[in-house]
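> kindly return the folded structure for what I paste below:
(2 chains)
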There are 2 protein chains.
Amino acid sequence: MPNAQQAPLKIAVAGLGTVGAGVLKLLETQGSLIEQRCGRRIEVVAVSARSKGKDRGVDLSRVQWFDDPVAMAAEAGADLVVELIGGSEGLARDTVATALETGKHVVTANKALLAVHGTEIAQKAESRGLTVAFEAAVAGGIPIIKGLREGLAGNAVSEIHGILNGTCNYILTEMRTTGRDFADVLADAQALGYAEADPSFDIDGIDAAHKLAILASVAFGTPVDFSAVYVEGIRQVSAVDFDYADQLGFRIKLLGIARRTEAGVEQRVHPCMVPVAAPIASVDGVFNAVVAQADFADRVLFVGRGAGAGPTASAVVADLIDIARGRSTPTFGVPADRLGAATPSPMEARRGSYYVRLMVVDRPGVIADIAAAMRDQNVSMEQFLQRGRSPGEGVPVVLTTHDTDEAAMQRALATIAASDSVLEPPRMIRIEQF
Amino acid sequence: MPNAQQAPLKIAVAGLGTVGAGVLKLLETQGSLIEQRCGRRIEVVAVSARSKGKDRGVDLSRVQWFDDPVAMAAEAGADLVVELIGGSEGLARDTVATALETGKHVVTANKALLAVHGTEIAQKAESRGLTVAFEAAVAGGIPIIKGLREGLAGNAVSEIHGILNGTCNYILTEMRTTGRDFADVLADAQALGYAEADPSFDIDGIDAAHKLAILASVAFGTPVDFSAVYVEGIRQVSAVDFDYADQLGFRIKLLGIARRTEAGVEQRVHPCMVPVAAPIASVDGVFNAVVAQADFADRVLFVGRGAGAGPTASAVVADLIDIARGRSTPTFGVPADRLGAATPSPMEARRGSYYVRLMVVDRPGVIADIAAAMRDQNVSMEQFLQRGRSPGEGVPVVLTTHDTDEAAMQRALATIAASDSVLEPPRMIRIEQF
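Next up, the predicted model:
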């Protein structure tokens, strides 16, 4: 066990945005608590950011300043570099590479970098006996990487699913509770700072997909494979879908799902209908949640804030404390050179049920045509809802199916979409029965 | 990082009941996965249990057998002893003490032992550079000790609350969903193996109190203080309370709550009314849940199975893997000789609102008397429900209060109970607004 006489852990912080300032503030506020907990101090010796003059609410007077984070990674007298720049390429990637090449541990919140280059970075670190820690990259303040990689280390995990993007969950929650439409709620979320000016990274599911790829690697012991993630965002979810979801006993959530099946590893991010009683269904607003299905522990759920200065700083500092305590774990749970490549299971192989919403002309024979298109693909309908009548005009029709293959469902939808009785492209949301 | 050439971690297992057999089965099933994850094997070299002949579904032929676990702790050629005997005194305590005195790490699922002797055991271990790990002692398969002690290590935690006893949660869930009464549901739970033949340890709240005392120590960095836990079980919760709870928008849960207040540290276990929308309200059946309120991470919730062979074995093995990986953390988050004693805040100092159910004679003036008893103690009523009328006979009356002091509430209840218009002892359930 480390004792109080140990030298401090010296760290250099690259990136002083919301999270970087949060980390410095946390280290300042909890200095003595952290020293008690790990038997040594954590000392910030250098920082780097774009603008030197900006007031970040923390005292940087005794800290070395670098304009260039890569130079800092190389030259700062630090044991460890905290990378909070973001992005899968450029400065962030170079900073991490340089830190490792010059013998420094890395703590990062950068999901894009790990999703795209995670395996390579892990190999580089491990071959040098260094640690790359990334609790803050997934689900903010929830200790999910630790929970999976250490807490469930005795288990084979067969499935992970979660609400991995707080912006989307906030928007979907607001749409459900207020009945307002997507564009309107998005504008509000932007005004409140819950969504970026360019929101596409969040609402198109990319951010959730980055996190899912990392989680899948940790859960299954496979190389990070972001390119294999099927991604669909929330732009197509409409206010009326929430009414139907209510009626059918579902909530609509953007989920990341990774599952080991006989066909390989599924990784997908898309809007889902989940039963109201599923624990994840009641996780609302900016909260994130992750469920792991493990063979011995069974189902474990983690819920907490997925973003923000405090929660993300909490995760960064948990990694710092681990390293200060001399604790180290293979980056993705097993050594990077032993990660076992998995066959990606394509989206077409997904098996499950579906919710479909159509706008059709209210005239005899239309429903029969839809039913025939489904039958021809062996898709069996479970429920069928038509509200109101307006002969000769458009009426919404909603149906749900029994379990079927994605490929068959897609073929049926293509046939239905081609019919001239169908006035808008069909909307489909996958149903997940957890 | 440990490498594959390292010697195996040799363990001796004391106690081969459900959990012990589960641990052996897990180690057998996941042998190669565990070796991958920690770079060395975990090898069972000795076991001890009451009955040697019993078939436990695992091969013990190559393992040394001890009739006496204390002798095993002293003599087995092991690096570590897993204590799964149970109980705060006797064999379990002696086994742990002997293991530490002879230089062996300890992994235990024994909440009673740690609740009563935790600080002393931690000191004994830490002074020898040994680890005592106890993930399995609290909330079964949920990695809550790791989550608090490491995942939230950068935070000051102000409150922990949780559903810590699956038996009680199962009984309360069944009572709510079926409308059946306590005795009836308890008998069923016993038949299903969810409750012991002598259920008092669970239903009187002792088991939850043991776990709460451990959680409070880890969360606040204070010595384990089981004797300071206020404990009230679920025997007094009646079927009719669930009807009223529904009507008032509450669920009834047996919670353990530990809170830092200005008056000191509150530790209490008792039935609570919690708002239906609180995340913990929808954790049903044998599941456990723990919520931590942390200054930087904010609220984090963990949910999972609180008991059973698989989940508990998962927690035991997570500790084994940590130790095999060479990872060690102070037993209660900070070194045992630095745990900061805290003033216990007495139950009388609790501030909050209350649900009270009375059976009163339906005659003029009775309600005025009750209201006066409350007013005399400065207890302000929020809601008042009387259902039905039967002049001269008994009718149930339910009221809820605004925030008030426990001491004032107790005085008001004593006055009310003494009235001859009140036919049964008042039933009171504390309301917790999370």
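> contacts and neighbour counts: CA atoms only from here.
Will do.
> can you list the domains in chain A?
Annotated domains of chain A cover A:9-137, A:150-305+A:336-347, A:350-431 [automatic domain parsing].
> and the second one, average pLDDT?
Model confidence over domain A:150-305+A:336-347 averages 96 on the pLDDT scale.
> what do you get for the shortest one?
For domain A:350-431, mean pLDDT rounds to 94.
> and for the first one?
The average pLDDT within domain A:9-137 is 96.
> right, is it up against chain B?
Yes - using Cα under 8 Å from any Cα of the partner chain, domain A:9-137 reaches chain B at A:26-27, A:30, A:33-34, A:36-38, A:126, A:129.
> and which of those residues is nearest to chain B?
A:R37 (4.7 Å; Cα to the nearest Cα).
> pull the contacting residues for the closest residue to that closest one other than its chain neighbours.
Using Cα to Cα, 6 or more residues apart in numbering or on different chains and skipping the chain neighbours, the partner closest in space to A:R37 is B:V334 (4.7 Å). Neighbouring residues of B:V334 by Cα atoms under 8 Å, 6 or more residues apart in numbering or on different chains: A:36-38, B:221.
> quick one: buried residues of the host helix or strand of A:E126?
Assigned by DSSP states H and E, A:E126 belongs to helix A:111-127. Neighbour counts over helix A:111-127 (16 or more other Cα atoms under 10 Å in any protein chain shown) mark A:111-119, A:121-126 as buried.
> repeat for stretch A:370-387
In stretch A:370-387, counting by 16+ other Cα under 10 Å, buried: A:370-374, A:377, A:379-381.
> same thing with stretch A:274-283?
A:274-276, A:279-283.
> name the residues that touch that stretch?
Residues outside stretch A:274-283 that contact it (Cα under 8 Å, 6+ apart): A:162-163, A:249-253, A:289, A:291, A:303, A:431-434, B:279, B:282-283.
> among those, which are in strands?
Among these, the members found in strands (DSSP state E) are A:162-163, A:250-253, A:289, A:291, A:303, A:431.
> out of those residues, which is nearest to chain B?
The nearest member of these to chain B, counting by Cα to the nearest Cα, is A:V303 at 4.9 Å.
> surely that closest one touches B:V300?
Yes - with contact defined as Cα atoms under 8 Å, A:V303 reaches B:V300; the gap is 5.7 Å.
> pull up the overlap in contacts between those two.
A:I142.
> elements contacting the helix holding A:E126?
helix A:90-101, strand A:132-133, helix A:206-220 (3 or more Cα pairs under 8 Å, 6 or more residues apart in numbering or on different chains; DSSP states H and E).
> give me the helices and strands touching the shortest one, please.
When you say that, I think you mean strand A:132-133. strand A:105-108, helix A:111-127.
> how about the helices and strands packed on helix A:111-127, which one is nearest B:D188?
With Cα to Cα as the criterion, B:D188 lies closest to helix A:206-220 of the helices and strands packed on helix A:111-127, at 37.1 Å.
> list the strands paired with whatever helix or strand comes next after that closest one, with their directions.
Downstream of helix A:206-220, the first helix or strand assigned by DSSP H and E is strand A:230-231. Here strand A:230-231 has these sheet partners by DSSP bridges: strand A:264-275 (parallel).
> for the partner strand, list the C-alpha coordinates in PDB.
Extracted in PDB, the C-alpha atoms of strand A:264-275 (Å, rounded to 0.1, in the frame of the first residue of the first chain):
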ATOM      1  CA  GLY A 264     -21.000 -12.800 -34.100                       C
ATOM      2  CA  VAL A 265     -21.000  -9.500 -32.300                       C
ATOM      3  CA  GLU A 266     -23.900  -7.100 -32.900                       C
ATOM      4  CA  GLN A 267     -23.100  -3.400 -32.300                       C
ATOM      5  CA  ARG A 268     -25.900  -0.900 -33.000                       C
ATOM      6  CA  VAL A 269     -27.200   2.500 -32.100                       C
ATOM      7  CA  HIS A 270     -30.700   3.400 -33.000                       C
ATOM      8  CA  PRO A 271     -34.000   4.600 -31.500                       C
ATOM      9  CA  CYS A 272     -35.800   1.700 -29.600                       C
ATOM     10  CA  MET A 273     -39.200   1.100 -28.200                       C
ATOM     11  CA  VAL A 274     -38.600  -0.500 -24.800                       C
ATOM     12  CA  PRO A 275     -41.300  -1.700 -22.400                       C
END
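> could you report the neighbour count for A:V132?
Using other Cα atoms under 10 Å in any protein chain shown, A:V132 has 29 neighbouring residues.
> that older thread, the helix holding A:E126 to helix A:206-220, inter-axis angle?
30 degrees (axes from the mean of the first three to the mean of the last three Cα atoms, to 10 degrees).
> just the CA coordinates for helix A:111-127, please, in PDB.
The C-alpha trace of helix A:111-127 is given here as PDB (Å, rounded to 0.1, in the frame of the first residue of the first chain):
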ATOM      1  CA  LYS A 111     -14.200   8.500 -27.000                       C
ATOM      2  CA  ALA A 112     -13.700   9.300 -30.600                       C
ATOM      3  CA  LEU A 113      -9.900   8.700 -30.300                       C
ATOM      4  CA  LEU A 114     -10.400   5.400 -28.500                       C
ATOM      5  CA  ALA A 115     -13.300   4.200 -30.800                       C
ATOM      6  CA  VAL A 116     -11.100   4.700 -33.800                       C
ATOM      7  CA  HIS A 117      -7.600   4.000 -32.600                       C
ATOM      8  CA  GLY A 118      -8.200   2.300 -29.200                       C
ATOM      9  CA  THR A 119      -6.500  -1.100 -29.900                       C
ATOM     10  CA  GLU A 120      -3.400   0.500 -31.400                       C
ATOM     11  CA  ILE A 121      -3.100   2.900 -28.400                       C
ATOM     12  CA  ALA A 122      -3.600   0.100 -25.900                       C
ATOM     13  CA  GLN A 123      -0.800  -1.900 -27.600                       C
ATOM     14  CA  LYS A 124       1.500   1.000 -27.600                       C
ATOM     15  CA  ALA A 125       0.900   1.700 -23.900                       C
ATOM     16  CA  GLU A 126       1.000  -1.900 -22.700                       C
ATOM     17  CA  SER A 127       4.200  -2.700 -24.600                       C
END
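> show me what it is in contact with.
Contacts for helix A:111-127 (Cα under 8 Å, 6+ apart): A:86-89, A:92-93, A:97, A:100, A:105, A:131-132, A:137-138, A:207, A:210-211, A:213-214, A:223-226, A:330-332, A:335-337, B:1.
> follow-up on the earlier one: which of the buried residues of stretch A:370-387 lies closest to B:I416?
A:M381 (60.6 Å).
> does the closest one really touch A:H402, like I thought?
Yes - the criterion here is Cα under 8 Å, and A:M381 meets it with A:H402 at 5.9 Å.
> tell me which of the contacts of B:V334 fall in helices.
Of these, the ones assigned to helices by DSSP state H are A:36-38.
> now the buried members of those residues.
Counted by 16+ other Cα under 10 Å, the ones in helices among the contacts of B:V334 give A:36-38 as buried.
> on that earlier part again, winner for burial among the helices and strands packed on helix A:111-127?
Mean neighbours per residue, mean count of other Cα atoms under 10 Å in any protein chain shown, is largest over the helices and strands packed on helix A:111-127 for strand A:132-133, with a mean of 28.
> so what strands line up beside it?
Here strand A:132-133 is paired, per DSSP bridges, with strand A:105-108 (parallel).
> how far does the partner strand sit from the chain's center?
Centre-to-centre, strand A:105-108 and its host chain are 20 Å apart (Cα atoms, centre = their mean, to the nearest Å).
> likewise stretch A:426-434?
Put simply, stretch A:426-434 sits 19 Å off its chain's centre (Cα atoms, centre = their mean).
> stretch A:306-322 now?
So, by Cα atoms, centre = their mean, the centroid of stretch A:306-322 is 16 Å from its chain's centroid.
> likewise stretch A:208-218?
Centre-to-centre, stretch A:208-218 and its host chain are 7 Å apart (Cα atoms, centre = their mean).
> which residues touch it?
So stretch A:208-218 is contacted by A:111-112, A:114-116, A:118, A:137-139, A:145, A:148-149, A:160, A:164-165, A:202, A:222-226, A:229, A:231, A:255-258, A:267-269, A:332-333 (Cα under 8 Å, 6+ apart).
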